[in-house]
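**Q** The sequence and its predicted three-dimensional model are supplied below.
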There are 2 protein chains.
Amino acid sequence: MPRPADTTVRERLIDVATDLLAAGEEVTLRKVANAADTSTMGVYTHFDGMPGLMYAVRERAFARLAAELIALRPTTDPVADLVSTGSAYVFAALADPALYRVMFDIGRDPRQPMSASMTFAVLVAGVERAQADDRLDPKVEPIPAATQLWAMTHGVVSLVLAEALPTAALDEHLPPMYTAQLVAWGDGPRRAPASVRRGWRRPAS
Amino acid sequence: MPRPADTTVRERLIDVATDLLAAGEEVTLRKVANAADTSTMGVYTHFDGMPGLMYAVRERAFARLAAELIALRPTTDPVADLVSTGSAYVFAALADPALYRVMFDIGRDPRQPMSASMTFAVLVAGVERAQADDRLDPKVEPIPAATQLWAMTHGVVSLVLAEALPTAALDEHLPPMYTAQLVAWGDGPRRAPASVRRGWRRPAS
DNA sequence: ATCGTTCGATAGCAGTGCTATGCATAGCAT
DNA sequence: ATGCTATGCATAGCACTGCTATCGAACGAT
């Protein structure tokens, strides 16, 4: 059989591309190849050209994000956990804005990485936990509910990254949006979602 | 005085760039210049290169969007009008997805067109009208409220355009998000926001 | 009519992603 | 151990990108 591909090259290419994004530099074919100590052809043997590399970057970015969200251990307050998850999501996005933009920038490649669904699944599980604890109305469907939380969060984050809203908008506007939605899902009469009112800060772990 | 710039060229360049986006084609310097019946230099006399042209495109896109939203005449139900404005916003975004993406894609140009504030101002005015009619809690601050509506709408639209949500999400998820937020602002006890529950359809005018 | 100034067309620059071409290398059969 | 073969990868060149230097030409003021 023929010579096997040096699998480390593939990882290095994704690493370098991700690092370039984090550094705010442009991700270009030759720059990536050089920094990964290979030639431009590496991008074509391991990926389907530049779009393929960017897809791999998105895939890994979503996977990392999902891992970060899962790393948050559930507490005894599943509604507060839901907010913590959102907080961690926001924190990750702001920690690497260029990467976050790439994650949602399907150029001409409409594929969505499997890992994106993983990230989403964390939200769904969070809603289901809150329902199991009788904190949210059991008639609320978890998937649509998670979708709405995701859309709200992504909406504010996206506008902030687009310079359309100041960074402070995350602290000022996202909590009341969560509050309104959680109340609509039954967290109102039972007890006030104080967790949300406490503000929007970096997650503990 | 010297020779005056042919101001029609400037408009034609913006036209052509916008049309290319609507056609789903890539906007390239030579393509734009050719289609506008001028040379590549036109982009540099009338704009600050390609970024300048794209900024002008965004500026006009926001202005057109603001005009469309203003064209919606207020009815006797200001809360329903708020929803209609959102509906028109969504419709405009879906009518030209590539243009909408460009509107919020600040490449390395952090400037935000004045016309973006115009669009936003329509939302603020809508909230104020609802308060004047005693339909929303007067303690709600219009600017933050409008920001939240904008973020929710943009969030869902953005995820749909990123292929992260199906188009149907606009009909299924945006209305309940509006409902929850409007209820939180006082539209609950008084009367049900039936306007929202009616669904998410194309605005009349 | 003349002049001066600015527009805008032409050509060339470095850089982009991509492909065609070789060549060295790693695995297998012998 | 030794060929053979199929594959990874480097090189060079392609058409294309945005941009700038140059220069002719058109217009307004005088």
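**A** Thanks, I have the structure now. Numbering: from 1, shown residues only, chains lettered A, B, ... in the order given.
**Q** Flag every buried residue along stretch A:124-143.
**A** Across stretch A:124-143, burial judged by 16 or more other CB atoms under 10 Å in any protein chain shown covers A:124-131, A:135-136, A:140, A:142. Yep, even glycine has a C-beta here, placed from its N, CA and C like the rest.
**Q** Quick check: end-to-end length of that stretch?
**A** 6 Å (CA to CA, to the nearest Å).
**Q** Check whether it comes near chain B.
**A** No. Against chain B, stretch A:124-143 shows no contacts by CB under 8 Å from any CB of the partner chain, the least distance being 9.7 Å.
**Q** Number of residues surrounding whatever residue of chain A ends up closest to DNA strand C?
**A** Residue nearest to DNA strand C within chain A: A:L29 (2.6 Å; CB to the nearest atom of the strand). Using other CB atoms under 10 Å in any protein chain shown, A:L29 is surrounded by 14 other residues.
**Q** That one touches A:P51, doesn't it?
**A** No. Under the criterion of CB atoms under 8 Å, A:L29 is not in contact with A:P51, lying 11.2 Å apart.
**Q** overlap in contacts of these two?
**A** By CB atoms under 8 Å, 6 or more residues apart in numbering or on different chains, A:L29 and A:P51 have no common neighbours.
**Q** quick one: is the lengthiest helix in chain A near DNA strand C?
**A** Scanning chain A for the helix with the most residues, using DSSP state H, yields helix A:49-70. Yes. Using CB under 7 Å from any atom of the strand, helix A:49-70 reaches DNA strand C at A:49-51.
**Q** which residue is nearest the middle of chain A?
**A** With distances taken as CA atoms, centre = their mean, A:L65 lies nearest the centre of chain A, 4.9 Å away.
**Q** So that residue sits against A:A92, correct?
**A** Yes. Using CB under 8 Å, A:L65 is in contact with A:A92, at 5.5 Å.
**Q** Next to chain B, which bits of chain A? Give me the list.
**A** A:104-106, A:110, A:112, A:116, A:144, A:147-148, A:150-156, A:158-159, A:162-165, A:169, A:172-173, A:176-177, A:179-181, A:183-184.
**Q** Chain A: helices as residue ranges?
**A** Taking DSSP H, the helices of chain A run over residues A:7-22, A:29-35, A:42-46, A:49-70, A:78-95, A:97-103, A:114-132, A:142-161, A:169-182, A:188-190, A:194-197.
**Q** same question for the last one, mean pLDDT?
**A** On average, the pLDDT along helix A:194-197 is 48.
**Q** again with the longest one
**A** On average, the pLDDT along helix A:49-70 is 98.
**Q** same for it, what does it pack against?
**A** Using 3 or more CB pairs under 8 Å, 6 or more residues apart in numbering or on different chains; DSSP states H and E, the elements in contact with helix A:49-70 are helix A:7-22, helix A:42-46, helix A:78-95, helix A:97-103, helix A:114-132.
**Q** Kindly recompute the last result at 10 Å.
**A** When contacts are defined as 3 or more CB pairs under 10 Å, 6 or more residues apart in numbering or on different chains; DSSP states H and E, helix A:49-70 packs onto helix A:7-22, helix A:29-35, helix A:42-46, helix A:78-95, helix A:97-103, helix A:114-132.
**Q** Check what contacts the first one and list those residues.
**A** Residues from elsewhere that reach helix A:7-22 (CB atoms under 10 Å, 6 or more residues apart in numbering or on different chains): A:6, A:25-28, A:31-38, A:42-43, A:45-47, A:50, A:53-54, A:56-57, A:59-61, A:64, A:95-103.
**Q** Buried residues, that helix. List them.
**A** Neighbour count says helix A:7-22 has A:9-10, A:12-18, A:20-21 buried, by 16+ other CB under 10 Å.
**Q** In contact with A:S158, which residues?
**A** A:93, A:100-101, A:104, A:151, A:164-165, B:104, B:151, B:154-155, B:157-159, B:162.
**Q** and if we set it to 6 Å?
**A** B:S158 (CB atoms under 6 Å, 6 or more residues apart in numbering or on different chains).
**Q** how near is it to B:A164?
**A** The gap separating A:S158 from B:A164 is 11 Å, by CB to CB, to the nearest Å.
**Q** next one: A:A162
**A** Look at A:A162 and B:A164: by CB to CB, they are 17 Å apart.
**Q** Could you do A:I70 as well?
**A** 19 Å.
**Q** quick one: which of the two has more around it?
**A** Neighbours were counted for A:I70 and for B:A164 using other CB under 10 Å; B:A164 has more, 20 against 15.
**Q** what's the burial count for the closest residue in space to that one that isn't next to it in sequence?
**A** Closest residue in space to B:A164, ignoring its immediate chain neighbours: A:Q112 at 6.2 Å, by CB to CB, 6 or more residues apart in numbering or on different chains. The number of residues packed near A:Q112 is 18, by other CB under 10 Å.
**Q** so how far is A:E59 from A:Q112?
**A** Distance from A:Q112 to A:E59, by CB to CB: 10 Å.
**Q** now A:G42
**A** Applying CB to CB to A:G42 and A:E59 gives a distance of 18 Å.
**Q** Just want to know which of the two has more residues nearby.
**A** Legend: neighbour count by other CB under 10 Å for A:G42 and A:E59, higher for A:G42 (21 against 18).
**Q** Got the confidence number for that one?
**A** 96.
**Q** For it, give me its contacts.
**A** Here A:G42 is in contact with A:9, A:33 (CB under 6 Å, 6+ apart).
**Q** how about 8 Å then?
**A** By CB under 8 Å, 6+ apart, the residues touching A:G42 are A:9, A:13, A:33, A:36.
**Q** so how far is B:D134 from the first one?
**A** Right, the one you point to is A:V9. 67 Å.
**Q** quick one on the thing from earlier: for the longest helix of chain A, buried residues please.
**A** Those would be A:50, A:53-66, A:68-69, for helix A:49-70 by 16+ other CB under 10 Å.
**Q** is any part of it close to DNA strand D?
**A** No. For helix A:49-70, no contact with DNA strand D is found by CB under 7 Å from any atom of the strand; the gap never falls below 12.2 Å.
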